[in-house]
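J.: please work out how this folds:
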Amino acid sequence: MKRLVKVFIFACLFVASLPVFAADKPPTITLKKPPQVLAQWYKPANKRQVWLHTMFRLRREILAMKDYSQQKKQVELEKWSQKFIKDYQSIAKMVPQWQKYLYSDKLPELKEQVQQQNYSAIKPTLKKLSKSCMHCHDDYQTVATLMFRAPTFNDRVIAEGFSGEKISYEDLMENMSDSVNRINIAIKDGYYTNAQALIEPLEQQLEHLSTSCGDCHQEDEVPVHRIMGASQELLPELARSLGSTDKNKQQSSGAKLGEFAVKVCAKCHSIHRLSSDLKFLFD
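T.: Numbering: from 1, shown residues only. Next comes the predicted model:
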């Protein structure tokens with residue numbers, strides 16, 4: 001019996017010494033922040049998206065070498081391999097901290113294989129070089145995209161707000177949300193005339209919002225059309241629905257307002273709001 005007691009006590013002490021994992025503790029996600037020096041190769045710090053276009057070229061150059069080595073087209077293979085080596089070496093020059101990710105020792109090997117027309121060896125070498133890209137992408141690609149390519153709206157000011165004065169982007173969004181919800185509340189409570197009267201101020205808010213799209217989307221009418229095109233179609237339809245004698249006015253008007261929220265509000269939010277909110281975490 002004493003022996004059993006000792007074994008029991010030992011077992012309890014052993015279990016107590018184990019790490020305790022709280023059942024309700026949420027899992028954590030760790031993201032690596034890229035070196036700040038990378039910012040100089042993106043707009044607006046740079047006139048061109050140097051880093052981005054370098055990555056595009058590398059991908060294109062690897063594909064060209066794979067295809068031409070398989071086709072045994074030597075002239076084209078030499079041309080694209082020279083381009084690749086130059087762009088690959090530029091990575092360490094732009095971001096010295098990422099030298100450790102590069103397989104630079106494979107470049108002389110690739111050059112020799114191309115010169116000696118050792119076509120069967122080129123594809124495996126390119127596969128190894130591609131792994132260096134994926135190592136860096138796994139650690140940094142998502143965060144770098146958020147930090148250096150996603151727009152931010154925190155410091156933006158709309159030149160003429162809905163009241164005719166300057167207003168912050170955040171305040172304008174808040175006012176627009178209030179407008180949509182006031183229309184919704186009026187519909188649900190049967191105040192259809194009040195809901196109609198709220199449509200025009202909402203249209204003005206959308207018009208002021210659309211003027212800011214061109215700051216980033218230069219010579220691009222798609223974002224403006226996304227906001228104004230859908231709203232100019234849906235809001236008049238909502239007004240007509242609210243003024244009708246339809247017995248199902250509440251249901252039809254609510255559905256039209258919901259369509260507006262999806263096609264106008266949610267479309268832009270799905271593109272910009274999530275990335276902007278995530279970027280804020282890294283600033």
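J.: what helix or strand is the most centrally placed residue in the chain on?
T.: Central residue of the chain (C-alpha atoms, centre = their mean): S275, 4.7 Å from the mean position. For S275, the host element (DSSP states H and E) is helix 274-282.
J.: now that helix: average pLDDT?
T.: Mean pLDDT, computed over helix 274-282, is 70.
J.: please apply the same query to stretch 239-254.
T.: Mean predicted lDDT for stretch 239-254 stands at 89.
J.: do stretch 206-226 as well
T.: On average, stretch 206-226 scores 72.
J.: element containing R240?
T.: Judged by DSSP H and E, R240 forms part of helix 230-243.
J.: quick check: next helix or strand after that helix?
T.: Criterion used, DSSP H and E; the element after helix 230-243 is helix 249-260.
J.: if I look at N194, how far off is M147?
T.: Distance, N194 to M147, using C-beta to C-beta, to the nearest Å: 45 Å. (Glycine included, C-beta is placed from N, CA and C.)
J.: re earlier: the residue nearest to the centre of the chain contacts M147, correct?
T.: No - S275 is beyond contact range of M147, at 10.3 Å (criterion: C-beta atoms under 8 Å).
J.: what about G190, neighbour count?
T.: 11 (other C-beta atoms under 10 Å).
J.: now it, what's its secondary structure?
T.: In three-state terms, and counting by DSSP: H, G, I helix; E, B strand; the rest coil, G190 is coil.
J.: tell me which of N194 and M147 has more neighbours.
T.: The neighbour comparison of N194 against M147 (other C-beta under 10 Å) goes to M147, with 20 against 15.
J.: element containing that one?
T.: Element membership for M147 (DSSP H and E) is helix 142-148.
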